[in-house]
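Undergrad: Sequence and predicted structure are below.
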Amino acid sequence: LNLDSIPTQSTEQPGPSQKGPPKWLTKTLESVHPDEIGKTGTRNSNRQNGGDVDDSNSLVDMDVTYDCELNLSTDFEPTSFKEAASHDEWKEAMQKEYDALIKNGTWKLVDPPFGTKPIGCKWVYKNKYKVDGSLDKHKARLVAKGFAQKEGVDYEETFSPTAKWATIRTLFALAAQNGWKVHQMDVKTTFLNGDLKENVFMSQLEGFVVKGQEHKV
């Protein structure tokens, strides 16, 4: 019997059962210079021993935190009248909207007719931004809860003419082709320029109920 022809079993177990670090990791660690290993622990050592520490990263972190807090405060949009009433900028926005409604003669206070159930209204708050992304203004809009009305009873039809994006892009294309100048404008309370044929009875708006006439609509 020739014992030399029998293969001997390797003592090194491959795979997950192998003890110790794998060969590729051992070679990688051996290739790292000891001085480089020392450098990796310098920052932690200084922090623990109270030595000089580079606080540039800390200052950057602080600036980022400050910017985030600033953006959150300026981008805040209330979801209720109670939230808006606690911020001066939104109170001012509501006052501007109310003044515009009164100036346009949008409504007049009357006693509610017998059997009439007035619809409600609510404030909607939205931030308006400039082209560069910076905040332009705070906009508060008063909207009537028209979903409570019934077609054929409270109104016959609704129509609001607005331009399609295809039309706007066509105008821009013609302006670019012919060298025309394009001017932009903003009309406040645009949709209040239309006249209603129907009588709409709405409750007074929250925060602006006329004193002594609370029962009127």
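TA: Right, received. Where do you want to start?
Undergrad: Please state the backbone phi and psi of K137?
TA: phi -160, psi 170 (degrees, to the nearest 10).
Undergrad: can you pull out the helices in this protein?
TA: Under the criterion DSSP state H, helices of the chain are mapped to 23-31, 34-40, 42-49, 56-74, 81-84, 88-103, 165-178.
Undergrad: Any chance you could list what contacts the shortest one?
TA: So that's helix 81-84. Identification of contacts with helix 81-84 by CB atoms under 8 Å, 6 or more residues apart in numbering yields P78, W90, K91, A93, M94, K122, W123, Y125, A140, E206, G207. Where C-beta positions appear, they are placed from N, C-alpha and C, glycine not excepted.
Undergrad: The first one: neighbour count?
TA: If you count neighbours by other CB atoms under 10 Å, P78 ends up with 20.
Undergrad: Would you mind measuring from it to Q95?
TA: For P78, the distance to Q95 equals 15 Å [CB to CB, to the nearest Å].
Undergrad: ok so, going back, just curious, which of the contacts of helix 81-84 is nearest to V131?
TA: When the contacts of helix 81-84 are compared for distance to V131 (CB to CB), A93 wins out at 20.9 Å.
Undergrad: distance of P78 from W107?
TA: Taking CB to CB, one finds P78 at 24 Å from W107.
Undergrad: no, scratch that, I was asking about W123
TA: Taken as CB to CB, the span from W123 to W107 is 16 Å.
Undergrad: quick one, phi psi at K164?
TA: Given degrees, to the nearest 10, the pair of backbone angles that K164 has is phi -80, psi 150.
Undergrad: Now do the contacts for it.
TA: No residues are in contact with K164 under the rule CB under 8 Å, 6+ apart.
Undergrad: K216 - nearest residue in space that isn't next to it in sequence?
TA: Nearest in space to K216, with sequence neighbours left out and distances taken as CB to CB, 6 or more residues apart in numbering, is L109 at 4.2 Å.
Undergrad: Look at that neighbour and report its pLDDT.
TA: If you check L109, the pLDDT there is 90.
Undergrad: Does it touch E214 like I think?
TA: No. With contact defined as CB atoms under 8 Å, L109 does not count as touching E214 (10.1 Å).
Undergrad: got any residues that touch both of the two?
TA: Common neighbours of L109 and E214 (CB under 8 Å, 6+ apart) are Q204.
Undergrad: same question for stretch 181-197, mean pLDDT?
TA: The average pLDDT for stretch 181-197 rounds to 71.
Undergrad: Between the two ends of it, how far is it?
TA: 39 Å (CA to CA, to the nearest Å).
Undergrad: same check, this time on stretch 203-217
TA: Note: stretch 203-217 ends 5 Å apart using CA to CA.
Undergrad: Can you point out the buried residues in it?
TA: Within stretch 203-217, the residues that count as buried by 16 or more other CB atoms under 10 Å are S203, Q204, L205, E206, V217.
Undergrad: I'm done for today, thanks for sticking with me.
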